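*Asks:* Give me coordinates for this.
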Amino acid sequence: MKKSMKAALSSAFVFPGAGHFFLKKYMTGAVLAGAALASLYLLISETVDRVLQITDKIQHGEVPLNVAAITALVSKQTGNETQLINIASTVLIILWLIGIADSYRIGRRQDKSVLTGK
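*Replies:* Numbers count the residues shown, from 1 in each chain. As a prediction, the model looks like this:
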């Protein structure tokens with residue numbers, strides 16, 4: 001399998017930047033992975049905060065312990081939470097796609113240089 005395909009698959013299935021690390025483009029890989037980790041951290045922290053809020057309401061008896069009531073709380077989000085989650089999700093998806101495309105592009109260039117000997 002060519003380097004370009006291995007790098008693209010690494011970025012696609014492992015994490016953004018993994019393909020760059022495979023191609024020894026450490027700085028680009030670190031930037032992509034760091035930005036993706038920041039977006040992922042934001043998504044996870046917002047989700048955990050929301051879960052803790054719902055759990056607290058259940059424990060204090062404000063919400064009955066049934067699926068319908070919990071589902072209603074989960075689907076009810078404030079504008080700031082929704083906007084932050086949407087932005088973080090979009091950034092993560094874009095970074096993932098950039099990682100795949102860029103690692104494939106760099107891998108193709110490296111594959112061509114191996115074939116031509118340059």
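
*Asks:* how about residue 87, what does it touch?
*Replies:* Contacts for residue 87 (Cβ atoms under 8 Å, 6 or more residues apart in numbering) come out as none. All C-beta atoms are positioned from the backbone trio N, CA, C, and that covers glycine.

*Asks:* The host helix or strand of it: which residues count as buried?
*Replies:* Using DSSP states H and E, residue 87 sits in helix 79-116. Taking 16 or more other Cβ atoms under 10 Å as the neighbour-count basis, helix 79-116 is seen to contain the buried residues 84-85, 88, 91-92, 95-96, 98-100, 102-104, 106-108, 110.

*Asks:* likewise stretch 4-12?
*Replies:* Counting neighbours by 16+ other Cβ under 10 Å, one finds that the buried residues in stretch 4-12 are 4, 6, 7, 8, 9, 10, 11, 12.

*Asks:* tell me the contacts of the closest residue to residue 36 other than its chain neighbours?
*Replies:* Distances taken as Cβ to Cβ, 6 or more residues apart in numbering place residue 16 nearest to residue 36, at 4.2 Å, with adjacent residues excluded. The neighbours of residue 16, taking Cβ under 8 Å, 6+ apart as the test, are 32, 33, 35, 36, 95, 96, 98, 99, 100.
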